[in-house]
Structure formats: structure tokens, C-alpha cells
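Asker: the following block contains a protein sequence and its predicted model.
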Amino acid sequence: IGKSYTGFINRLNAKLKGEFQIDWRGGPEVVPQFKQPNAVRLGSVDACLTSPSYANGIVNVSGAANYSNKAYNDIKSTGYHDYMAKLHAAKGLIYVGDLPISQLRFHIFLRKPIKTIDDLKNMKIRVFPAIAPAIKALGGNPVVLPMPQIYTAMERGVVSGFVTGVSGTAKKYKKVLGAYVDIGFYRATFHFLVNPKSWAKVPAATRAKVIDFVRNIDPPTYEASWNPVLKGGYADLKKGGIKAIRFSPAATAKFKKTVYDAAWAAVKKKAPEEGAKLQKMLMK
């Protein structure tokens, strides 16, 4: 994630040299993951690149950004960005755009293999907030933990599995990982959020250039930068002997329907009107 952020920041800084520059200070070692959007809102930092679900406590539908089975351009064409900007502005945040990885899917990683979907029942699975409804609908017990706590939680048996993407997973968790559910779901994306007062200091013409770069110019490059990483991630799982758990076509279809239905039900329960509108924008 850090490498992909660096690439984006370097490209943006080069494109707008002399007009707009990002001074990246780091990640959770600077501001804890779940506190990053609020740090931006309060002005502790000017901006952040962060998981949309970390802003759920401020913009209660922010995490819906992960619940999509569409390609980036198909999402963009619906007016999604302007709508998200409106929702964030009402809560004291400037939403500039997404750093999309539409081809990245999340997987359930486990210490031990399972045979059926029902085997997930009552299992404690580490999640980030956007994933919790899916695990609950599958019968598991979601446990929200920051990423740096995953290894220790697996090692100590606090959780039996976790949900994340494949990049670096086989190497990072090789001593506590035995299998993963082959079915990938949702999409990955990061939100570029800015403090309103900081954003107001930027000339309007430059703000327009930043928005255009983030929403229209860089997404193909950013997404493409992840392809070797994702390919390597799956290769490392195979090389490391991490068993890929596959279900029947019927069970696979049931799994996918369950996780998407649960996600959108949770969003629309909190915000019926906004959730319904976002669902039309993000789902085929």
C-alpha cells in the first residue's frame, strides 16, 4: 500500500510542481489507522489517503465504496464522485477522489482449511469495518482490529482468520496461515480526503487540476501498478503451500450473494436514501 501511495504522490507532485505538493509523513505510525479521517477533519493533518470504511464514524456510508463489482470507469460515469464529495462536505471533509484497485478482491484467510461455508459459523475473523456485515452474515464473529495487530491475534488464537487482499499476505503471515477462501469479493479503494480550511487555501484553478488528476488522469496508472503485486501475491500463496479453498458453483454463488446482500442491507439500514443511490452507482 505504501509503495502504491508513493507512486501516486510522486506522479501528482511532478504533474503539479510549483502549484500543489503532498508532503507524505507516513501511515499508522503517524496517525492510527482508524483515526486518520478525523485527524483530517480536525486539521491535525491537511490530508490523508485512507480506507473509506475508516470514515464511517463521520460519513456513515463512506465504507460503501468497497461494495462494488464494477470497473472504475463504470462507477465514475454514474456521478459517484460528485455525490460522495457532497456527502463528505456535509460532514466537514473534502473528498477529492478514489485511488482505485477495482481488480483487487478480498479473501478470508484462515489458520486451518474448511470444507464448507457453514464451517465459518462461530469462527472469530479479523475484519476492517466494511467487512463486518459479510462475516456476520456468513455466521462468523467479526473482530475489528488494525492491520498491525493481525499477526499477534492469529498467533495467540484470538482470531481464527482475517480478511484482506493477497499482496504480501503469504510472506507476512506464513507461520500462522494455512488456507484461504478462493472466492474474492468487493473491491479495494482508498479515499483522498482533505481538510476544508487547507483546501480553501489552494487556488480554485489548482483544486480543479488536482481533482482532474485524482479522478480522471491517474486511476489507470494506479490500478495497473497493482497488477504485478496481485499476481505475485497469488503466486506466493501457491508457492507457500497455502491451500486455496474452493466451493461448488452453487455454494460460490450463495457466498457472493450473501456478502453483497449483507453489505448493502447494512448501508441502507443506516442511510436508506443514500444507500439505495450508492447501490445503483456501485453494483451491476
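Answerer: Alright, I've got the coordinates.
Asker: neighbours of the closest residue to residue 165 other than its chain neighbours, just the number please.
Answerer: Distances taken as CB to CB, 6 or more residues apart in numbering put residue 104 closest to residue 165, at 5.0 Å, once the chain neighbours are dropped. Every C-beta, even on glycine, is put in place using the N, C-alpha and C of the backbone. Using other CB atoms under 10 Å, residue 104 has 21 other residues around it.
Asker: give me the pLDDT for the residue nearest to residue 245 when sequence neighbours are not counted.
Answerer: The shortest distance from residue 245 to any non-neighbouring residue, by CB to CB, 6+ apart, is to residue 181 (5.0 Å). Here the pLDDT value assigned to residue 181 is 97.
Asker: same check on residue 37?
Answerer: 97.
Asker: which residues touch the closest residue to it other than its chain neighbours?
Answerer: In this structure, residue 37 finds its nearest non-sequential neighbour in residue 55, 3.9 Å apart by CB to CB, 6+ apart. Applying CB atoms under 8 Å, 6 or more residues apart in numbering to residue 55 gives the contacts 37, 62, 63, 88, 93, 191, 193.
Asker: next, work out how far apart the residue nearest to residue 165 and residue 187 are.
Answerer: Separation of residue 104 from residue 187 (CB to CB, to the nearest Å): 7 Å.
Asker: in contact with the residue nearest to the spatial centre of the chain, which residues?
Answerer: For the chain, the residue nearest the mean C-alpha position is residue 188 (4.1 Å; CA atoms, centre = their mean). By CB under 8 Å, 6+ apart, residue 188 lies in contact with 66, 100, 101, 102, 104, 105, 106, 165.
Asker: what two of these are the furthest from one another?
Answerer: Within those, two members stand farthest from each other by CB to CB: 100 and 106, at 14.4 Å.
Asker: mind jotting down where the helices sit in this protein?
Answerer: Along the chain, the stretches classed as helices by DSSP state H are 2-15, 36-42, 72-76, 80-89, 132-137, 150-155, 169-172, 196-200, 204-212, 219-239, 249-270, 272-282.
Asker: show the contacting residues for residue 192.
Answerer: Residue 192 makes contacts with 47, 48, 49, 95, 96, 97, 98, 99, 214, as judged by CB under 8 Å, 6+ apart.
Asker: try it again with 10 Å
Answerer: When contacts are counted by CB atoms under 10 Å, 6 or more residues apart in numbering, residue 192 touches 8, 12, 22, 47-50, 94-99, 210-211, 214-215.
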